[in-house]
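Q: pasting the sequence and the predicted model now:
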Amino acid sequence: METLTLRPWSDDDLPMLRIANSAAMTAHLNGPESGQQVDERHARYLGLTDPAEARMLVIDDADGRALGAIGYWSVEWRGEPAFETGWFVLPEAQGRGVASAALTLLIEVARVHRGDRRHLVAFPGVDNAASNGVCRRNGFSLVGSFEEQFRGADLAVNEWALDLDGWYA
């Protein structure tokens, strides 16, 4: 696997977010957002500057090329504070283990900034084999599945959890 780094989201990353808003890239998220929604998402990402609460990070290769993004944010999960994570990898970098390697890096960042949070959780669509595999390969446990409203429609998701107190790589 190639060497990857994570860096904070910047104003220069808006074009990557627009690429990730394609029908193919959002097929497991009930489809793309409007241009205005993408601009609002970009502004939110720029505002995530407190690593104790949330971060959106760009996945760069060894040459500094952006391959996608991964982040975490504070949520309440099963009545306790937790971090939730999500990611995307650009089409030209898919199938190379980028998401799994980036999640490995993100887990360490989450452990450093977790505060009183014990878990990192993820909710990929039940039919998103790639993202479910990323969770499995990174030591998350499948603890359930449920349906929720997302982008105006029902979305069936798997519920994955990683105990941040658990085994360290």
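A: Arrived safely, thanks for sending. Residues are numbered from 1 along each chain as shown.
Q: show me what the longest helix seen in the chain is packed up against.
A: Across the chain, the longest stretch assigned as helix under DSSP state H is helix 98-113. If you count contacts as 3 or more C-beta pairs under 8 Å, 6 or more residues apart in numbering; DSSP states H and E, helix 98-113 packs onto strand 5-8, strand 54-60, strand 66-77, strand 80-89, helix 129-137. Every residue, glycine included, has its C-beta placed from N, CA and C.
Q: what does the next helix or strand after it contact?
A: Per DSSP states H and E, the first helix or strand lying C-terminal to helix 98-113 is strand 119-122. Identification of contacts with strand 119-122 by C-beta atoms under 8 Å, 6 or more residues apart in numbering yields 72, 75, 77, 80, 82-86, 107, 110, 131, 135, 140, 159-164.
Q: what is residue 141 paired to in the beta sheet?
A: Beta bridges link residue 141 to residue 161, judged by DSSP bridges.
Q: which ones are touching it?
A: Counted by C-beta under 8 Å, 6+ apart, residue 141 has contacts 160-163.
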